[in-house]
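Visitor: Sequence first, predicted coordinates after that:
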Amino acid sequence: VTLVESGGGLVQPGGSLRLSCAASGFTFSSYAMGWARQVLGKGTEWVSGIDTKGTTDYGDSVQGRFTISRDNAKNTVYLQMNSLKPEDTAVYFCATGVNYYGRGLDAMDYWGKGTLVTVSS
């Protein structure tokens, strides 16, 4: 299983970014996918998840601002982030697992290396 995130960078408060996660080494369409983030020195926060049917779920801190989607033909999951805030600054990871169902951090067995998002003026 290989997961490679991209799309991070520096953005001003109120701006937008779209993260991508390219997956390989497993049957992508059969796995729920998730995004999590980590602030240096703090714990890991679950951000969003999408199951194999396309049902989505979000953490309270990003609900209404972030949108997760997947393209099974491209083996890619996306995270569209709008109305970004300084507190969204973190390293963002995509993750999955055989028993992952699309919510929370439990059963996220496989992780990418992450992409840094910095929200600052």
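Guide: Cool, got the structure. Numbering: from 1, shown residues only.
Visitor: how close does Leu3 sit to Ile68?
Guide: Distance of Leu3 to Ile68, computed by CB to CB, to the nearest Å: 14 Å. No exception for glycine: its C-beta is placed from N, CA and C like everyone else's.
Visitor: Give me the most central residue, this structure.
Guide: Trp35 (2.5 Å; CA atoms, centre = their mean).
Visitor: ok, that one - contacts?
Guide: 19, 21, 46-49, 68, 77, 79, 92-95 (CB atoms under 8 Å, 6 or more residues apart in numbering).
Visitor: Equivalent analysis for Tyr31, please.
Guide: Taking CB under 8 Å, 6+ apart, we find Tyr31 in contact with 23, 52, 96-98, 100.
Visitor: Can you tell me which of those residues end up in strands?
Guide: If you go by DSSP state E, the contacts of Tyr31 have 23, 96 in strands.
Visitor: Could you pick out the buried ones from the contacts of Tyr31?
Guide: 23, 52, 96-97, 100 (16 or more other CB atoms under 10 Å).
Visitor: what separates stretch 95-111 from the chain centre, distance-wise?
Guide: Here stretch 95-111 is found 12 Å from its chain centre; the criterion is CA atoms, centre = their mean, to the nearest Å.
Visitor: Glu87 belongs to a strand?
Guide: No - per DSSP: H, G, I helix; E, B strand; the rest coil, Glu87 lies outside any strand segment and is helix.
Visitor: could you measure it against Met81, distance?
Guide: Taken as CB to CB, the span from Glu87 to Met81 is 12 Å.
Visitor: okay, these two: which has more neighbours?
Guide: Taking neighbours as other CB atoms under 10 Å, Glu87 and Met81 compare with Met81 leading, 26 against 10.
Visitor: now the more buried one: how far from Asn75?
Guide: From Met81 to Asn75 the distance is 21 Å (CB to CB).
Visitor: Can you name the helix or strand that the residue nearest to the centre of the chain falls in?
Guide: Here Trp35 sits within strand 33-38, counting by DSSP states H and E.
Visitor: Strand partners (parallel or antiparallel) of that strand?
Guide: Strand pairing for strand 33-38, determined by DSSP bridges: strand 44-50 (antiparallel), strand 90-96 (antiparallel).
Visitor: Any chance of a markdown table for these, columns mean pLDDT and distance to Leu10?
Guide: Shown next, in a markdown table, are the strands paired with strand 33-38 (pLDDT from 0 to 100; distance: least, CB to CB, whole Å):
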| stretch | mean pLDDT | distance to Leu10 |
| --- | --- | --- |
| strand 44-50 | 97 | 19 |
| strand 90-96 | 98 | 13 |
